[in-house]
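Student: sequence and computational prediction follow.
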Amino acid sequence: EAGVVQSPRYKIIEKKQPVAFWCNPISGHNTLYWYLQNLGQGPELLIRYENEEAVDDSQLPKDRFSAERLKGVDSTLKIQPAELGDSAVYLCASSLPPSDTQYFGPGTRLTVL
Amino acid sequence: QKEVEQNSGPLSVPEGAIASLNCTYSDRGSQSFFWYRQYSGKSPELIMSIYSNGDKEDGRFTAQLNKASQYVSLLIRDSQPSDSATYLCAVNEDMRFGAGTRLTVKP
């Protein structure tokens, strides 16, 4: 069974540029999470989807971050414009209720110059 | 603000010893607790989940939960150098992770 797929794996951009990350969850997993992880810290939830509905986006900085999960499968996380402080690893995870075990993708390492 | 706190580490133990990792949480109503292992440069992977008070064993790993004390721990018996990683405690209702404890097992 394929795991969670994320792309790109690495991205380097200049500040004020837009950037987008893509996630394909494990087949059949209808819960999808986007996390941000800074060096030396644990993952911080940005948004959680149940199918195509964002059920928890309270930690998503909506002035510059947006996310979508069309058709309840793949998801895209966008930052526009990027700031220096956005440099981090962006992790996508999925789970299949009733289990709340999350399976993480490899992450996208973003560097904003 | 609901918090998940872990002892900061780093924690260093000799090969074959027991490594003890601790985690406290602030939300008394929490029901689901997880330990993830994260190797440097990799994504977190689940080691164990625990939902009831007491101990849960899986091979060399034992998770311990005490809801009254709002405390969850992970014991690693017969520690191996391959166990060297950062261990993350997570409380699932809030999708909150602790900052992690870095463990080094020395040969």
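Tutor: That came through, no problem.

Student: near chain B, which residues of chain A show up?
Tutor: When proximity is defined as CB under 8 Å from any CB of the partner chain, chain A approaches chain B at A:33, A:40-45, A:48, A:56, A:91, A:100-107. In this view, the C-beta of every residue, glycine as well, is placed from N, C-alpha and C.

Student: now do the strands in the chain.
Tutor: No chain specified, so I'll use chain A. A:5-7, A:10-13, A:19-24, A:31-37, A:44-50, A:53-56, A:65-68, A:75-79, A:88-95, A:103-104, A:108-112 (DSSP state E).

Student: let's do chain B instead
Tutor: Under the criterion DSSP E, chain B contains strands at B:4-6, B:11-14, B:19-25, B:33-38, B:45-50, B:54-58, B:61-66, B:71-76, B:85-91, B:96-97, B:101-106.

Student: of the ones you listed, which approaches chain A most closely?
Tutor: Nearest of these to chain A, taken as CB to the nearest CB: strand B:96-97 at 3.2 Å.

Student: now A:Ile12: how far from chain B?
Tutor: Separation of A:Ile12 from chain B (CB to the nearest CB, to the nearest Å) stands at 17 Å.

Student: roughly how far out does the lowest-mean-pLDDT helix or strand in chain B sit from the chain middle?
Tutor: In chain B, no helix or strand scores lower on mean pLDDT, DSSP states H and E than strand B:96-97, which sits at a mean of 92. Chain-centre distance of strand B:96-97: 12 Å, with CA atoms, centre = their mean, to the nearest Å.

Student: among the strands of chain A, which comes closest to B:Phe61?
Tutor: Proximity to B:Phe61 (CB to CB) singles out strand A:103-104 among the strands of chain A, at 18.4 Å.

Student: what pLDDT, on average, does the closest one get?
Tutor: Across strand A:103-104, pLDDT averages out at 94.

Student: report the contact partners of the residue of chain B positioned farthest from its centre.
Tutor: Ranked by distance from the centre of chain B (CA atoms, centre = their mean), the top residue is B:Pro107, with 21.7 Å. B:Pro107 is in contact with B:Glu15, B:Pro81, counting by CB atoms under 8 Å, 6 or more residues apart in numbering or on different chains.

Student: mind redoing it with 10 Å?
Tutor: B:Pro14, B:Glu15, B:Gly16, B:Gln80, B:Pro81 (CB atoms under 10 Å, 6 or more residues apart in numbering or on different chains).

Student: coming back round to it: and the strands of chain A as TSV, adding mean neighbour count?
Tutor: Shown next, in TSV, are these (neighbours: other CB atoms under 10 Å in any protein chain shown):
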stretch	mean neighbour count
strand A:5-7	17
strand A:10-13	14
strand A:19-24	19
strand A:31-37	24
strand A:44-50	20
strand A:53-56	13
strand A:65-68	17
strand A:75-79	19
strand A:88-95	23
strand A:103-104	22
strand A:108-112	18
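
Student: B:Tyr36 is nearest to which of those strands?
Tutor: Closest to B:Tyr36 of the strands of chain A is strand A:103-104 (CB to CB; 8.2 Å).

Student: so what strands line up beside the closest one?
Tutor: Sheet pairing for strand A:103-104, assigned by DSSP bridges, gives strand A:88-95 (antiparallel).
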